[in-house]
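Trainee: Make a model of this:
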Amino acid sequence: MEKEQTYQGSCHCGAVSFTAKMNLTNITQCNCSICHKKGALHHRILMDKFTLLSGEKDLTLYQFGSKEAKHLFCRHCGIHAFSHPRFDPTMISINIRSLDDFDSDTADYQLRLFDGKNWEQAAKEIRNKP
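Mentor: Below you'll find the predicted structure:
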């Protein structure tokens, strides 16, 4: 099993920066309306594995639909680096495309697809897996 690594991440302008301790062998691509449009690739982690280094005041919140998910964006450059996902709002979902030291084009990982267009059914199937 791969060991967790600490990654550095940030928005485009650098106002928001963070570290996240995680094992990036599995990454999720969601096809819901917002994830598809912003091109995010996700990896969920526990809150204690995430540290916001700078930019708390530079984040702006966007919510829609059930308003359970908290989509956070840099108010200066608009980059979505992380969120609190609807599937489990107590976790952080890192947009791995915002990591400064991870190349999603060359890294070795398994891409998992999540059918966010049919969110309720997809979430139910995941929750019912043994």
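Trainee: There's contact between Phe87 and Glu125 in this structure, I believe.
Mentor: No: shown here, Phe87 and Glu125 do not form a contact pair, counting by CB atoms under 8 Å, at 11.8 Å. For every residue, glycine as well, the C-beta is placed using N, CA and C.
Trainee: which one of these two has more residues nearby?
Mentor: Using other CB atoms under 10 Å as the criterion, Phe87 and Glu125 rank with Phe87 on top: 20 against 12.
Trainee: Need the nearest residue in space to that one, chain neighbours excluded.
Mentor: Ala123 (5.9 Å; CB to CB, 6 or more residues apart in numbering).
Trainee: For the helix or strand hosting Lys21, name the packing helices and strands.
Mentor: Element membership for Lys21, per DSSP states H and E: strand 17-22. Counting contacts by 3 or more CB pairs under 8 Å, 6 or more residues apart in numbering; DSSP states H and E, strand 17-22 is packed against strand 5-10, strand 42-46, strand 50-54, strand 91-95.
Trainee: contacting residues around Phe18?
Mentor: Gln8, Gly9, Ser10, Phe50, Thr51, Leu52, Leu53, Ala81, Phe82 (CB atoms under 8 Å, 6 or more residues apart in numbering).
Trainee: what is it paired to in the beta sheet?
Mentor: Gly9, Leu52 (DSSP bridges).
Trainee: Against Asn31, how distant is it?
Mentor: 26 Å (CB to CB, to the nearest Å).
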